[in-house]
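In: pasting the structure only:
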């Protein structure tokens, strides 16, 4: 079979797959680019068909997706098909701007690769602000920003073109208002966070994120490749878990970025009820017995919450915070956060004597118990005093 016949066969197969997935290969417009590129990375035949169809859509979004595909693709056939589609768009008067031959563009916040990425600290609800920025010839930076929660995925997304000065101002404003620095991270990792967040939100039926695929295609039209967390390139695992890190890691709770960390109420609720039942028990307990019962509830809660799927969520939180602490020049604290993440990755064994986790559990229980007590004091009493 000739190369031409093989290409035609692959295209026909890819187009048929797209139809089976519910995509109308005849109704092509700029509005279809987002839906089309969302299928990239599923099969090689579908990828070729997607790139072929993009060449038939005279729209800036299609041009940006194809330009990014040519720059990031490693498969020769895929790249060749992308160039064919770019040529077809050029015949329709749409060409990607050539980079200026003057001095290379400087990243907004620090020197780095063409695609820059920035990440905030993890907030109390498990949310992170993620930025992808890419220089646009003569027009500043194309910015993709998303808020990603580790339980519900991509919560908000937006894109815009900004000047470098404006991006620096945005970062400074976040630091002044929230005390959070936007740290530089490998763009592949930031892209993976956004993509995984989008998939989680999409599967749950969340609205308001429909434009994500077309915005992301400007940076990377392909499915991100799995990779280990970048903190493993910054810190040594054995060094992080040396000494009395289990006791010392409680110091993390004193840092400003951990100040508002409180476990989600639906995770804590069963243990709050146990504490309330113990407090209302008719058994006469002395102070020591009460403290022992409370400590037992804390141990059970820590064992159950910081393992399994929830343990994986907290592992990623601690890995991100270790990277954040590293980039903000707090390496000793970064090692402590990394050590906690490493222990969480190993499962439930060894969790109970990690002072950061038990301290966070105690803090969360105290917070919700205080809320319940305050609410009860505000409710009108039905007892009429003489």
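Out: Okay, I see it. Keep in mind the model is a prediction, meaning the values are calculated, not measured.
In: residues of the host helix or strand of residue 310 that come out buried?
Out: Per DSSP states H and E: residue 310 is located in helix 308-327. The neighbour-count check on helix 308-327 (16 or more other CB atoms under 10 Å) flags 310-311, 313-327 as buried. All C-beta spots, glycine's among them, are computed from the backbone N, C-alpha and C.
In: can you check stretch 150-166 too?
Out: Buried-residue list, stretch 150-166, by 16+ other CB under 10 Å: 150, 153-155, 157, 159, 162, 164.
In: TSV for the residues you listed, including pLDDT and secondary structure?
Out: Output for the buried residues of stretch 150-166, formatted as TSV (pLDDT from 0 to 100; DSSP: H, G, I helix; E, B strand; the rest coil):
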residue	pLDDT	secondary structure
150	92	coil
153	95	strand
154	96	strand
155	94	strand
157	94	strand
159	90	strand
162	90	strand
164	90	helix
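In: rewinding a little: elements contacting the helix holding residue 310?
Out: Applying 3 or more CB pairs under 8 Å, 6 or more residues apart in numbering; DSSP states H and E, one finds that helix 308-327 contacts strand 116-119, strand 183-184, helix 331-345.
In: swap the cut-off to 6 Å and go again
Out: helix 331-345 (3 or more CB pairs under 6 Å, 6 or more residues apart in numbering; DSSP states H and E).
In: which stretches of the stretch 1-150 of the chain form helices?
Out: 3-20, 33-37, 44-54, 60-72, 76-91 (DSSP state H, counting those that start in this stretch).
In: same question for the longest one, mean pLDDT?
Out: Okay, so that is helix 3-20. Averaged over helix 3-20, pLDDT sits at 83.
In: ok, and what's touching that helix?
Out: 25, 45-46, 48-49, 52 (CB atoms under 6 Å, 6 or more residues apart in numbering).
In: what do you get for stretch 69-79?
Out: 47, 82, 220-221.
In: export those as a markdown table, with columns for neighbour count.
Out: Shown next, in a markdown table, are these (neighbours: other CB atoms under 10 Å):
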| residue | neighbour count |
| --- | --- |
| 47 | 25 |
| 82 | 28 |
| 220 | 25 |
| 221 | 29 |
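In: among the helices of the stretch 1-150 of the chain, show me which one is buried the most.
Out: Mean neighbour count, computed with mean count of other CB atoms under 10 Å, is highest for helix 44-54 among the helices of the stretch 1-150 of the chain, reaching a mean of 24.
In: that one vs helix 3-20, what angle?
Out: Helix 44-54 runs at 90 degrees relative to helix 3-20, counting by axes from the mean of the first three to the mean of the last three CA atoms, to 10 degrees.
In: distance from helix 44-54 to the middle of the chain?
Out: 27 Å (CA atoms, centre = their mean, to the nearest Å).
In: quick one: list the elements packing against that helix.
Out: Using 3+ CB pairs under 6 Å, 6+ apart: helix 44-54 touches helix 3-20, helix 60-72, helix 76-91.
In: and the contacts of helix 3-20, which is closest to residue 275?
Out: Closest approach between the contacts of helix 3-20 and residue 275, by CB to CB: residue 46, at 53.5 Å.
In: list the contacts of the closest one.
Out: 14, 17, 39.
In: the residue nearest to the spatial centre of the chain: what secondary structure?
Out: Among the residues of the chain, the one closest to the centroid is residue 193, at 3.3 Å (CA atoms, centre = their mean). Three-state call for residue 193 (DSSP: H, G, I helix; E, B strand; the rest coil): helix.
In: if I look at it, how far off is residue 62?
Out: 26 Å (CB to CB, to the nearest Å).
In: the helices in the stretch 201-350 of the chain, which residues?
Out: Counting by DSSP H, counting those that start in this stretch, the stretch 201-350 of the chain has these helices, from start to end: 212-217, 237-240, 245-248, 265-280, 287-305, 308-327, 331-345.
In: output those helices in TSV; the columns should cover distance to residue 176 and mean pLDDT.
Out: Formatted as TSV, those follow (distance: least, CB to CB, whole Å; pLDDT from 0 to 100):
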stretch	distance to residue 176	mean pLDDT
helix 212-217	27	90
helix 237-240	32	94
helix 245-248	31	94
helix 265-280	30	84
helix 287-305	34	80
helix 308-327	18	95
helix 331-345	22	95
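In: where do the domain boundaries of this protein fall?
Out: As assigned by automatic domain parsing, the chain contains the domains 3-91, 116-224, 232-378.
In: now residue 236, what are its backbone angles?
Out: Per-residue torsions, residue 236: phi -90, psi 130 (degrees, to the nearest 10).
In: contacts only, for it.
Out: No contacts exist for residue 236 under CB under 6 Å, 6+ apart.
In: number the residues from 33 up from this point.
Out: Renumbered: residue one is now 33, and that last one reads residue 268.
In: now, among the buried residues of stretch 182-198, which is nearest to residue 390?
Out: Out of the buried residues of stretch 182-198, the member with the shortest distance to residue 390 (by CB to CB) is residue 182, at 21.0 Å.
In: wait, that closest one sits on residue 158?
Out: Yes. Counting by CB atoms under 6 Å, residue 182 touches residue 158, with 4.2 Å between them.
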